[in-house]
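Asker: kindly generate the corresponding structure for this input.
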Amino acid sequence: MKNFAGKVVVVTGAASGMGRELALQLADKGARLAISDMNPSGLEETARLLEAKGAQVHSQLLNVAEREAMLEYADTVLAHFGKVNAIFNNAGIAHHGEVELTEFKTFERIMDVDYWGVVNGTKAFLPHLIASGDGHIVNTSSLFGLLSIPGQSAYNAAKFAVRGFTESLVQEMRLAGYPVSVSCVHPGGIKTAIARNATVNEGSDIAQFAELFDKKLARMTAAKAASIIIAGAEKNKARILVGADAQFLDKLVRVLGPKYMPVVARAAGATLKPR
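Answerer: So this is what the prediction gives:
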């Protein structure tokens, strides 16, 4: 896919942040949008902004972790537009907390949305993308799908899983000769509400964690991140690194191998320590 003009594009997690910016910028490129989220007011605002641009929009509340709902959603979008060319599996949530204190149900919740949500979206729409003759799948992993840091075990696990799933899919589409390109996105620190909306273990201060993330890690605007992701998708890049932090740390892991862990642990301890 070299451009999105006239293409039908699905964006999950479109109520705010990177998802909203992806939808808005895709609309500017002439795409027809199917947007979804669990936040009704945010989703409604995104739809309003898209319609103000003159874009064709299908908007629906959706929990990407609910497989049957996702399968029905794919059929609904196909019926509405007549085809589907691309999906941005962008929806995600976060949790901060050490393994020792994180409950099993928290690991399951993060995996359900961040990993299974990507699998559900990919599986539900893949037949339609193949049939379109010009398909693209863009799955959002993370900088934390390239390396792990303390306190992010649940999020790391989900985002590493997205990376493994997506990189396998890249190869399968090429071997099968299907007209579907696949990209795995690894954003670094992006100025979105994901940290403010994250959960933490009992006894931790979510406001303090969000403040630390926003001040020390979130370097890039959601609009800039979305522009990099779309440009990478237009070039059919299999891996899209978003931000200087993602690019630097990707290289660090490649150079150091497993020796990156003590280096990152010390840096994370110093960076995320409240002052």
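Asker: helices of the stretch 101-250 of the chain, start to end?
Answerer: Counting by DSSP state H, counting those that start in this stretch, the stretch 101-250 of the chain has helices at residues 104-110, 116-132, 153-176, 206-216, 222-234, 244-256.
Asker: for those, which one sits closest to R67?
Answerer: Closest approach to R67 among the helices of the stretch 101-250 of the chain is made by helix 116-132 (5.0 Å; CB to CB). Placement of C-beta: from N, CA and C, glycine included.
Asker: what's next to that closest one, contact-wise?
Answerer: 8, 10, 12, 64-67, 70-71, 73-74, 77-78, 83-87, 89, 91-92, 135-137, 139-140, 162, 165-166, 169, 178-180 (CB atoms under 8 Å, 6 or more residues apart in numbering).
Asker: if we use 6 Å, what do you get?
Answerer: 64-65, 67, 70-71, 74, 78, 83-85, 87, 89, 91, 135, 137, 139, 162, 178, 180 (CB atoms under 6 Å, 6 or more residues apart in numbering).
Asker: quick one on the thing from earlier: dump the helices of the stretch 101-250 of the chain to JSON lines, plus mean neighbour count and distance to G97.
Answerer: Output for the helices of the stretch 101-250 of the chain, formatted as JSON lines (neighbours: other CB atoms under 10 Å; distance: least, CB to CB, whole Å):
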{"stretch": "helix 104-110", "mean neighbour count": "15", "distance to G97": "7"}
{"stretch": "helix 116-132", "mean neighbour count": "21", "distance to G97": "20"}
{"stretch": "helix 153-176", "mean neighbour count": "18", "distance to G97": "8"}
{"stretch": "helix 206-216", "mean neighbour count": "15", "distance to G97": "9"}
{"stretch": "helix 222-234", "mean neighbour count": "20", "distance to G97": "25"}
{"stretch": "helix 244-256", "mean neighbour count": "15", "distance to G97": "22"}
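Asker: who wins for proximity to L147 among the ones you listed?
Answerer: Per CB to CB, nearest to L147 of the helices of the stretch 101-250 of the chain: helix 244-256, 4.9 Å.
Asker: export that closest one as PDB, just CAs?
Answerer: Presented in PDB, the C-alpha positions along helix 244-256 are these (Å, rounded to 0.1, in the frame of the first residue of the first chain):
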ATOM      1  CA  ALA A 244      14.800   8.800  19.100                       C
ATOM      2  CA  ASP A 245      14.400   6.900  22.300                       C
ATOM      3  CA  ALA A 246      13.100   3.800  20.500                       C
ATOM      4  CA  GLN A 247      15.800   4.000  17.900                       C
ATOM      5  CA  PHE A 248      18.600   4.400  20.500                       C
ATOM      6  CA  LEU A 249      17.400   1.700  22.800                       C
ATOM      7  CA  ASP A 250      16.800  -0.700  19.900                       C
ATOM      8  CA  LYS A 251      20.500  -0.300  18.900                       C
ATOM      9  CA  LEU A 252      21.500  -0.600  22.500                       C
ATOM     10  CA  VAL A 253      19.800  -4.000  22.900                       C
ATOM     11  CA  ARG A 254      21.300  -5.200  19.600                       C
ATOM     12  CA  VAL A 255      24.800  -4.200  20.700                       C
ATOM     13  CA  LEU A 256      24.700  -5.400  24.300                       C
END
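Asker: what comes up buried for the following helix or strand past it?
Answerer: Next in sequence after helix 244-256, counting helices and strands by DSSP states H and E, comes helix 260-271. Applying a neighbour-count criterion of 16 or more other CB atoms under 10 Å, one finds Y260, V264, A268 buried in helix 260-271.
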